[in-house]
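Peer 1: pasting a predicted model and its sequence here:
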Amino acid sequence: QVQLVESGGGLVQPGESLRLSCAASGLTFSTYTVAWFRQAPGKERQFVAGIMRAGSTYYADSVKGRFTISRDNAKNTVCLQMNSLKPEDAAVYSCAARGGLIITTTRDTYNYWGQGTQVTVSS
């Protein structure tokens, strides 16, 4: 049974940082492309960042330069370091995995999803 479990969400003030983690089990993690998506209330789920098997990354323009995605295949984890957080970054953040070689920004192309972790940015 494949499981993706996110952690690290919370409440922070604008300008602060958070580090999200996604722990995977039940799949050969090193062979999967992994991405973070987020969904704010009343909005569509949107792509945030993705990382390929060998570590190549891709970011949404809205987070480029502030967020960093990384992976540790030995530990079956992917992390999202979020710096300089803004109120508009507030959302439920979910990690997702796909068996394809490339990063895609379309949620329907990902096979497995976690339940998500809440990020709130407010003063």
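Peer 2: The structure has been received and is ready for your questions. Numbers count the residues shown, from 1 in each chain.

Peer 1: which residue is nearest the centroid of the protein?
Peer 2: Trp36 (2.3 Å; C-alpha atoms, centre = their mean).

Peer 1: ramachandran angles for it?
Peer 2: Main-chain torsions, Trp36, degrees, to the nearest 10: phi -110, psi 130.

Peer 1: any idea how far it lies from Glu16?
Peer 2: Applying C-beta to C-beta, to the nearest Å, the value for Trp36 to Glu16 is 18 Å. (Each C-beta comes from the backbone N, C-alpha and C, glycine too.)

Peer 1: what does Gly42 give?
Peer 2: Distance from Gly42 to Glu16, counting by C-beta to C-beta: 24 Å.

Peer 1: higher neighbour count, those two?
Peer 2: Glu16 (13 against 5; other C-beta atoms under 10 Å).

Peer 1: Lys86 is in contact with that one, correct?
Peer 2: No: using C-beta atoms under 8 Å, Glu16 makes no contact with Lys86, being 10.3 Å away.

Peer 1: if anything else comes up later, I'll come back, but that's it for now.
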